[in-house]
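Asker: coordinates only, no sequence provided:
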């Protein structure tokens with residue numbers, strides 16, 4: 001498929017009250033992304049004031065500036081009281097509220113967002129011309145684009161919607177991160193469907209407390225259209241708190257007998273899972289190649305969403321049966337080796353336990369796990385992560401994972417603090433750690449590589465350096 005790149009133009013005085021009729025071809029708030037013909041709005045970020053980068057924006061081709069301060073420059077400058085509020089109003093005008101042309105499905109939760117939103121977009125791809133936006137990028141049919149964040153910024157989202165609209169897309173299945181909800185990054189979007197997967201402690205470096213984290217997650221359900229619906233995991237500890245935030249009709253899923261979409265009779269065997277979904281006295285038997293009880297929840301949420309949207313049940317079940325793997329999520333890699341390799345993004349204690357427990361149930365040989373923990377994130381979760389990895393693994397290799405400004409060795413010491421088994425070693429270079437794990441593996445062993453999934457970078461200091469677990473794995477077999 002050829003993906004049309006779309007350009008738009010508006011006059012500055014049509015975007016904001018001023019005397020300038022300067023042609024504007026784009027709107028940016030990050031000076032590094034400014035191109036010739038753009039309007040630069042000096043917003044206040046979470047950790048940065050973009051007024052400091054006005055001259056950089058001008059050097060890169062900005063033709064006008066929106067600022068809260070006087071700027072000495074030859075190009076038009078419009079002074080406003082609040083650049084953040086002004087930015088959203090200008091973006092709405094520039095893109096002519098294009099979000100109203102779409103139907104949005106938002107998936108939030110600590111774990112399972114990527115898998116759930118990906119399955120939904122796969123089911124709806126042909127039926128509703130649906131795309132997927134999240135950790136694995138923007139994916140529409142055979143087009144894929146890498147994203148900077150799980151949930152894009154307002155200006156980038158508008159730009160994506162413009163391109164998607166021109167290419168025939170009308171539905172968006174997307175991951176909605178807690179950070180984007182906290183900063184009201186996409187509060188202009190009204191969702192048709194909102195889904196909660198689960199809530200466990202995560203991102204407390206940003207939210208500070210679990211209560212704040214839960215409050216941010218709940219924001220999604222205040223953005224659901226009144227004639228839309230919210231789909232909640234009734235088995236989750238925080239179900240009641242999220243339900244109170246819902247203004248639309250609520251449907252539940254889980255093992256609880258009160259569930260609208262009730263999970264029962266789960267059987268995992270021979271690299272497949274079979275289970276039933278009970279809804280309104282009907283029994284739907286689901287066959288999937290995805291393993292683990294945690295994926296049963298993700299699939300059930302996706303089933304409920306598509307069912308409530310009116311998609312034929314047999315078609316939904318057929319599409320679920322066809323799903324091979326979700327990239328970087330419990331992904332089995334085959335290079336002709338005699339042991340199994342599993343690549344997974346799991347980086348919370350709950351996600352790590354889900355993956356390793358599922359693999360341990362039917363294991364024949366050893367589980368050899370390579371993992372670490374990201375720097376600049378809550379340190380409190382590391383001890384539990386280390387305990388879980390050691391409990392379910394025969395061999396653990398701790399390594400570097402997005403250290404940012406922290407010493408990777410200090411992070412690993414946090415992970416290993418309460419480990420009592422003598423079953424771990426430390427190899428700081430992540431590629432070397434992966435190669436060591438692969439070299440140790442015998443027939444029937446499982447090598448599990450956790451934490452980064454299909455990420456294509458390593459976050460070191462304030463930079464993203466090119467790195468890929470998949471490439472590290474493949475290089476072992478090529479060389």
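Answerer: Okay, I see it. Since this is a predicted model, take the numbers as computed values, not measurements.
Asker: where does the prediction get shaky in the protein?
Answerer: The chain contains residues with pLDDT under 70 at 1-7, 201-208, 479.
Asker: hmm, try it at 50
Answerer: The model of the chain has pLDDT under 50 over residues 203-204.
Asker: in space, what's closest to residue 266 - neighbours in sequence excluded?
Answerer: Distances taken as C-beta to C-beta, 6 or more residues apart in numbering place residue 275 nearest to residue 266, at 4.3 Å, with adjacent residues excluded. From N, CA and C alone the C-beta is placed, and that goes for glycine too.
Asker: which SSE is immediately downstream of the host helix or strand of that neighbour?
Answerer: Using DSSP states H and E, the element containing residue 275 is strand 272-279. As assigned by DSSP H and E, the chain's next helix or strand after strand 272-279 is strand 282-288.
Asker: between strand 272-279 and that following strand, find me the angle.
Answerer: For strand 282-288 against strand 272-279, the angle by axes from the mean of the first three to the mean of the last three C-alpha atoms, to 10 degrees is 160 degrees.
Asker: quick check: buried residues in strand 282-288?
Answerer: Neighbour-count burial for strand 282-288 flags 284, 286, 288 (criterion: 16 or more other C-beta atoms under 10 Å).
Asker: equivalent analysis for stretch 444-457, please.
Answerer: 445-455.
Asker: same check, this time on stretch 469-477
Answerer: Buried residues in stretch 469-477 (16+ other C-beta under 10 Å): 469-470, 472-473, 476.
Asker: for residue 55, state which of those is nearest.
Answerer: Using C-beta to C-beta, residue 469 comes nearest to residue 55 of those, at 39.3 Å.
Asker: ok, the closest one - contacts?
Answerer: Neighbour list for residue 469: 343, 430, 434, 449, 452-455 [criterion: C-beta atoms under 8 Å, 6 or more residues apart in numbering].
Asker: 6 Å - rerun?
Answerer: Contact analysis of residue 469 by C-beta atoms under 6 Å, 6 or more residues apart in numbering lists 449, 452.
Asker: where do the strands sit along the stretch 101-250 of the chain?
Answerer: 103-108, 130-134, 137-140, 143-145, 171-175, 191-196, 224-233, 249-254 (DSSP state E, counting those that start in this stretch).
Asker: out of the ones you listed, flag the one nearest residue 267.
Answerer: It's strand 249-254; of these, that one is closest to residue 267 (C-beta to C-beta) at 17.8 Å.
Asker: got a list of contacts for that closest one?
Answerer: 229-235, 243, 259-261, 300-301, 304.
Asker: which stretches of the stretch 251-400 of the chain form strands?
Answerer: Going by DSSP E, counting those that start in this stretch, the stretch 251-400 of the chain shows strands at 261-269, 272-279, 282-288, 331-333, 340-344, 367-371, 395-398.
Asker: as JSON lines, these with distance to residue 25 would be great.
Answerer: JSON lines is the format used below for the strands of the stretch 251-400 of the chain (distance: least, C-beta to C-beta, whole Å):
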{"stretch": "strand 261-269", "distance to residue 25": "47"}
{"stretch": "strand 272-279", "distance to residue 25": "49"}
{"stretch": "strand 282-288", "distance to residue 25": "46"}
{"stretch": "strand 331-333", "distance to residue 25": "40"}
{"stretch": "strand 340-344", "distance to residue 25": "40"}
{"stretch": "strand 367-371", "distance to residue 25": "45"}
{"stretch": "strand 395-398", "distance to residue 25": "49"}
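Asker: and among the ones you listed, the most buried is which?
Answerer: strand 367-371 (a mean of 26; mean count of other C-beta atoms under 10 Å).
Asker: tilt between that one and strand 340-344?
Answerer: 30 degrees.
Asker: residue 318 versus the closest residue to residue 329 other than its chain neighbours, what's the distance?
Answerer: When the adjacent residues along the chain are set aside, residue 329 lies closest to residue 115, with 5.1 Å between them (C-beta to C-beta, 6+ apart). Per C-beta to C-beta, to the nearest Å, residue 115 is found 18 Å from residue 318.
Asker: again, but for residue 76
Answerer: Distance, residue 76 to residue 318, using C-beta to C-beta: 56 Å.
Asker: quick one, which of those two is more surrounded?
Answerer: residue 76 (17 against 12; other C-beta atoms under 10 Å).
Asker: can you give me phi and psi for that one?
Answerer: phi -60, psi 140 (degrees, to the nearest 10).
Asker: pretty sure it is touching residue 64, no?
Answerer: Yes - the pair residue 76 / residue 64 is scored as a contact, 4.4 Å apart, by C-beta atoms under 6 Å.
Asker: counting neighbours, what do you get for residue 295?
Answerer: Count around residue 295 with other C-beta under 10 Å applied: 25.
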